[in-house]
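[1] any chance you can model this:
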Amino acid sequence: EVQLQASGGGLVQPGGSLRLSCETSGFAFDDYAIGWFRQVPGKEREGVSCTSSGGVSTYYANSVKGRFTISRDNAKNTVYLQMDNLKLEDTAVYYCQASIFIGRSPYPRDYWGQGTQVTVSS
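    Predicted coordinates:
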């Protein structure tokens, strides 16, 4: 069974830091890109960052570029999102995501972690 479990959220002051973790199981972690998304109530979920299967290629939304760093530990089947210099507008529920090929299906299936709340407030 494919599982993604996000953790590490919390309450932090502007300018502070948090590190989110996405622990995974049930699939060949090394073979898949993993992404982080976030959502604020009433708004669409937006992509924040993504790492390729080998971790060589990364993507960052313009709003977090230079402040967030994504990394992965293939030995632990875990992806991290280091968030520095947090701003009020970073407040959201953060989700990790992977699109996994299951069985013989030619179409990947999206799997999501349960979300972790990040609140930036003074």
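[2] let me see the ranges of the strands in the chain.
    In chain order, the chain shows strands spanning 3-7, 10-12, 18-25, 34-39, 46-51, 58-60, 68-73, 78-83, 92-100, 109-112, 116-120, with DSSP state E as the criterion.
[3] dump the ones you listed to a markdown table, plus mean neighbour count.
    To be clear about C-beta, it is placed using only N, CA and C from the backbone, and glycine gets the same treatment. What follows is the strands of the chain, written out as a markdown table (neighbours: other Cβ atoms under 10 Å):
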| stretch | mean neighbour count |
| --- | --- |
| strand 3-7 | 17 |
| strand 10-12 | 14 |
| strand 18-25 | 19 |
| strand 34-39 | 22 |
| strand 46-51 | 19 |
| strand 58-60 | 16 |
| strand 68-73 | 18 |
| strand 78-83 | 22 |
| strand 92-100 | 21 |
| strand 109-112 | 14 |
| strand 116-120 | 18 |
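[4] okay, those strands in CSV with mean pLDDT next?
    As requested, those are arranged in CSV below (pLDDT from 0 to 100):
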stretch, mean pLDDT
strand 3-7, 97
strand 10-12, 98
strand 18-25, 98
strand 34-39, 98
strand 46-51, 97
strand 58-60, 97
strand 68-73, 96
strand 78-83, 98
strand 92-100, 96
strand 109-112, 94
strand 116-120, 98
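[5] spell out for me which residue occupies the centre of the chain.
    Closest residue to the average C-alpha location of the chain: residue 36 at 2.5 Å, with Cα atoms, centre = their mean.
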